[in-house]
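> Pasting the sequence and the predicted model now:
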Amino acid sequence: MKKILTGKLICLSLSLLALSFNAALAEQTQAEQKVTETQPGDARLFRAAFIFHFAKLTSWPEGTWNNTLAPLNICTSGNDQLADDLKRLSGKIIKDRPVSIRSLQYARSVSDCHVLYIATSENKNYQKIIRKIRNQPILTISELKHFTRSGGVIGLFRESGQTRFRINLDNARNTGLILSSRLLNIAVVVGDKEQQ
């Protein structure tokens with residue numbers, strides 16, 4: 001009973017954090033990019049909600065899915081707490097598609113992924129992963145330092161105790177993904193030749 005109640009509270013927290021992120025998207029300007037967080041556990045769930053909304057505000061090229069029932073696959077590579085927290089998104093709906101969470105080691109192919117979160121444990125291997133999927137329509141996200149400089153699309157980072165995110169628009173365009181202006185307006189937007 002205690003486990004069920006704890007699970008419900010965590011789901012409620014994730015839902016509330018997702019709603020607050022939606023409100024932030026509607027209200028924040030580029031000069032107001034910071035989001036307040038309270039506890040470390042809340043911060044992790046907040047970052048999982050970020051990834052959920054990144055996917056909601058991304059458009060994939062026509063023909064990405066071969067049927068209307070196919071899921072939106074969020075894949076994870078490596079292990080860290082956020083990769084584990086992303087499992088809570090399984091079964092949620094994004095763009096009228098159920099979300100499926102897959103570990104990259106169990107996915108049939110990386111090309112089955114629509115979103116790829118690369119965990120901090122992949123610090124030595126992530127550039128190899130990025131090279132493997134370069135120019136494929138996969139939204140890559142990580143908390144690794146210099147991620148967007150190395151070909152990643154969205155890098156999460158901490159600044160003054162708050163979570164912010166950096167988007168490399170050139171890398172996104174190279175994959176064929178279109179990111180909503182609502183997302184770009186509250187991100188630190190950079191290009192390949194800029195400091196990231």
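It's in.
> only C-alpha atoms for contact and neighbour calcs from this point on.
Will do.
> May I have the phi/psi pair for Asn171?
The phi/psi pair for Asn171 (degrees, to the nearest 10) reads phi -60, psi -40.
> ok, it - contacts?
Thr148, Gly151, Gly152, Val153, Gly191, Asp192 (C-alpha atoms under 8 Å, 6 or more residues apart in numbering).
> how about the helices of this protein, start to end?
For the chain, applying DSSP state H gives helices covering 2-27, 40-56, 81-85, 126-133, 169-175, 181-184.
> Tally up the residues packed near Ala119, please.
21 (other C-alpha atoms under 10 Å).
> hmm, I was thinking of Asn79
15.
> Which residues are in contact with Gly155?
Ile141, Ser142, Glu143, Leu144, Lys145, His146, Phe147, Thr148, Phe165, Arg166, Ile167.
> what does Asp84 give?
Contacts of Asp84 by C-alpha under 8 Å, 6+ apart: none found.
> center of this protein, which residue is that?
The chain has Ile51 as the residue nearest its centroid, 3.0 Å off, counting by C-alpha atoms, centre = their mean.
> any idea how far Arg158 is from it?
Noted for Ile51: a distance of 15 Å to Arg158, by C-alpha to C-alpha, to the nearest Å.
> Same question for Cys113.
Cys113 is 26 Å from Arg158, by C-alpha to C-alpha.
> try Phe52
As for Phe52, its distance to Arg158 is 18 Å (criterion: C-alpha to C-alpha).
> Take the contacts of Gly155 and, keeping just the buried ones, write it as a ChimeraX select command.
Those of the contacts of Gly155 that count as buried under 16 or more other C-alpha atoms under 10 Å are selected in ChimeraX with:
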select :141,142,143,144,147,148,165,166,167
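> Tell me the bridge partners for Leu139.
Val115 (DSSP bridges).
> so what pLDDT did it get?
Looking at Leu139, its pLDDT is 97.
> ok, now Asn67?
89.
> what do you get for Phe21?
48.
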